[in-house]
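Student: Turn this into a structure:
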Amino acid sequence: MKIYTGKGDDGTTSLWYGGRVPKDNARTDAYGTFDEANAALGVARSLCGDDAELATDILRVQDDLFVAGAELATAPEASERLEDGVSRITPEMGTELEPMIDKYMDRVDLPPKFVLPGGTTLSAQLDVARTVLRRGERLVVSLERSGEPVSADLKRFLNRASDLLFAMSRYADVPDPELFEGRGKGGPE
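Tutor: Reported below is the predicted structural model:
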């Protein structure tokens, strides 16, 4: 199977169900950023070691990001052809992340200050994925502000997924709150 077609050599890419857009189109930029976040999550999942629960939950987010990407990669005029949970984010997909967020946050002693990423390699990688996904979320908002249709369910899902990645990262971070002392406004002394 050849993965190259040559059709994108002119700087355009196909949308599902018809149409071509420039590769730097706002829609393409947004769903490409989901792909970037998904790749970062793949690295995080590979770092989970024996934590099968965390690896499974990361995989769930990865699967859902493919759905979010499919929704944005579809030509707006073909949106009626999308399938809930397959190529369109559903309201439940955002709601179902909330207990997962709570599960991880219930397991950490979060310091009352900004958290500097890098306590562990896994937590740092989850923070990379989170920040990439937040960029994707901002791009979706910009897309909507430019007049493109964007579902409220997609925006809500992205917000919850980013929150979940924060919670997972804190869970995967160093367990000793004293190690957060250098993460205040003055840094280590």
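
Student: Sticking with the closest residue to Leu41 other than its chain neighbours, tell me its helix or strand.
Tutor: If the residues on either side of it in the chain are set aside, Leu41 comes closest to Ala129, at 4.7 Å by C-beta to C-beta, 6 or more residues apart in numbering. To be clear about C-beta, it is placed using only N, CA and C from the backbone, and glycine gets the same treatment. In the assignment (DSSP states H and E), Ala129 maps to helix 121-145.

Student: Against which helices or strands is that helix packed?
Tutor: helix 26-46, helix 52-72, helix 152-172 (3 or more C-beta pairs under 8 Å, 6 or more residues apart in numbering; DSSP states H and E).

Student: From Gly42, how far off is Leu65?
Tutor: The gap separating Leu65 from Gly42 is 11 Å, by C-beta to C-beta, to the nearest Å.

Student: the more surrounded of these two?
Tutor: Counting neighbours by other C-beta atoms under 10 Å for Leu65 and for Gly42 shows that Leu65 has the greater number, 26 against 15.

Student: pretty sure the more buried one contacts Leu158?
Tutor: No. With contacts counted by C-beta atoms under 8 Å, Leu65 stays clear of Leu158, the gap being 9.1 Å.

Student: what sits in contact with each of these two?
Tutor: Both Leu65 and Leu158 are contacted by Leu133, under the criterion C-beta atoms under 8 Å, 6 or more residues apart in numbering.

Student: quick revisit: quick check: the residue nearest to Leu41 vs Arg20, distance?
Tutor: 30 Å.

Student: what stretches of the chain score poorly on pLDDT?
Tutor: Filtered on pLDDT under 70, the chain yields the residue ranges 111, 176-189.

Student: what about the residue minimising distance to the centre of it, distance to Asp127?
Tutor: Centroid-nearest residue in the chain, with C-alpha atoms, centre = their mean: Leu133, separated by 3.8 Å. Distance of Leu133 to Asp127, given as C-beta to C-beta: 11 Å.

Student: what sits against the closest residue to Leu154 other than its chain neighbours?
Tutor: Setting aside the residues directly before and after it, Leu154 is nearest to Ile89 in space (C-beta to C-beta, 6+ apart), at 4.7 Å. Counting by C-beta under 8 Å, 6+ apart, Ile89 touches Asp64, Val67, Ala68, Glu71, Ser151, Asp153, Leu154, Phe157.

Student: how many neighbours does the residue nearest to the fourth one when sequence neighbours are not counted have?
Tutor: What it means is Glu71. In space, and not counting its chain neighbours, Glu71 is closest to Arg88: 5.1 Å by C-beta to C-beta, 6+ apart. Other residues lying near Arg88 total 19 when counted by other C-beta under 10 Å.
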